[in-house]
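Peer 1: Predicted model follows, preceded by the sequence.
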Amino acid sequence: MSPKPKTQNLKSLSIIKIGGNIIDNPTELSQFLSDFSKIEGYKILVHGGGKSATKMAESIGLVPQMIDGRRITDADMLEVVVMIYAGQINKNIVAQLQANSANAMGFSGADGNLIQSDKRNDATINYGFVGDVKKVNTNLLETLLSNGIVPVFCAITHDGKGQLLNTNADTIASELAIALSKVFDITLNYCFEKPGVLYDAEDDSSVIENINQELYSKLKAQKAIHSGMIPKLDNCFNSLSKGVQKIKIGHHRMLQDARAICTSIEL
């Protein structure tokens, strides 16, 4: 499906997803939130927090399991991720954004039925209490944004039947962007501690400045891209095919510096 043409009267909306070491580094997080608060116009923040969840899980004797960058979530692990994502990390971010004069409100997908998911049903892997996004409440989000609210989403959704579900934060950002692209001109940014997608994970100067579908397939085959970057890029290409106009991956300095090196994703 080709991206639909944009009309001239759509308002701009920036959707930013943060993860990785930004969340775990208080200085880096503070600088990011300062930069984020200066973005003009409508904006939404989506955050992960997997490293913090892993640390907490290990401290109480749980053994985290990951497959292709996605967390296996049994009942005990679900309690940990809800506590860390929807509690500690989300409310800390909201408090810091308020200190930066951004009128933030923290949400899981269950709040206001903003993001509803189906429990993943995989024939080969039992992911546990993991959700795949089914529906976004765009009407409520439009109301929140138009009233000056800055929504901050954690990586928790629900199934509409009382069950919370761990949901990949990259996917949440992507699905929000797709759903809201019908009413906003969307820019989707994935911010983490690196300057972009790298040819060599150990060399920050090896940024791949443009990635299209063909190059992505080659890099996956060469194992140059793996683990958590695979679902991130899968989500990027899915978003572009469904109406999102612009996607970048890189360090948060790209939010304030148009000249900052980063990776642009193209069909």
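Peer 2: Okay, I see it.
Peer 1: how close does the residue of the chain positioned farthest from its centre get to residue 75?
Peer 2: Here the chain reaches farthest from its C-alpha mean at residue 61, the gap being 27.7 Å by C-alpha atoms, centre = their mean. Residue 61 is 15 Å from residue 75, where distance means C-beta to C-beta, to the nearest Å. Heads up, the C-betas are built off the backbone N, CA and C, glycines and all.
Peer 1: So residue 71 sits against residue 51, correct?
Peer 2: No - counting by C-beta atoms under 8 Å, residue 71 does not reach residue 51; the two are 11.2 Å apart.
Peer 1: More neighbours: which of the two?
Peer 2: The residue with more neighbours, out of residue 71 and residue 51, is residue 71; 23 against 14, by other C-beta atoms under 10 Å.
Peer 1: For that one, list each beta-bridge partner.
Peer 2: residue 66 (DSSP bridges).
Peer 1: need the contact list for it.
Peer 2: 50, 53, 64, 65, 77, 81, 130, 166 (C-beta atoms under 8 Å, 6 or more residues apart in numbering).
Peer 1: ok but the second one is inside a helix, no?
Peer 2: Yes - under DSSP: H, G, I helix; E, B strand; the rest coil, residue 53 sits within a helix.
Peer 1: That one: neighbour count?
Peer 2: Residue 53, neighbours per other C-beta under 10 Å, totals 25.
Peer 1: Likewise for residue 110?
Peer 2: 20.
Peer 1: for it, what are its contacts?
Peer 2: Going by C-beta under 8 Å, 6+ apart, residue 110 touches 156, 157, 158, 164.
Peer 1: Tell me how far it lies from residue 221.
Peer 2: Distance of residue 110 to residue 221, given as C-beta to C-beta: 39 Å.
Peer 1: Over to residue 131?
Peer 2: Distance from residue 131 to residue 221, by C-beta to C-beta: 29 Å.
Peer 1: more neighbours, those two?
Peer 2: The neighbour comparison of residue 131 against residue 221 (other C-beta under 10 Å) goes to residue 131, with 27 against 9.
Peer 1: so what strands line up beside the host helix or strand of the more buried one?
Peer 2: In the assignment (DSSP states H and E), residue 131 maps to strand 131-136. Paired with strand 131-136 in the same sheet, following DSSP bridges, are strand 115-119 (antiparallel).
Peer 1: what's next to the partner strand, contact-wise?
Peer 2: Contacts of strand 115-119 (C-beta under 8 Å, 6+ apart): 108-109, 129-137, 153, 157-160, 163, 165, 167, 172, 175-176.
Peer 1: are any of the residues you listed buried, and which?
Peer 2: Neighbour counting by 16 or more other C-beta atoms under 10 Å classes 108-109, 129-133, 135-137, 153, 157-159, 165, 167, 172, 175-176 among those as buried.
Peer 1: quick one on the thing from earlier: select from the contacts of residue 71 the one having the most neighbours.
Peer 2: That'd be residue 81 among those, by other C-beta under 10 Å, with 29 neighbours.
Peer 1: Return the helix or strand where it lies as CSV; C-alpha atoms alone will do.
Peer 2: Per DSSP H and E, residue 81 falls inside helix 75-81. Taking Å, rounded to 0.1, in the frame of the first residue of the first chain, the C-alpha atoms of helix 75-81 are listed here in CSV:
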residue,chain,number,x,y,z
ALA,A,75,2.7,-13.7,35.0
ASP,A,76,5.6,-12.9,37.3
MET,A,77,7.4,-10.9,34.7
LEU,A,78,4.2,-9.0,33.8
GLU,A,79,4.0,-7.8,37.4
VAL,A,80,7.6,-6.5,37.1
VAL,A,81,7.1,-4.7,33.8
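Peer 1: that older thread, for the strand holding residue 131, what is the average pLDDT?
Peer 2: For strand 131-136, the mean pLDDT works out to 97.
Peer 1: now it: how far from the chain's centre is it?
Peer 2: How far strand 131-136 lies from its chain's middle: 14 Å, per C-alpha atoms, centre = their mean, to the nearest Å.
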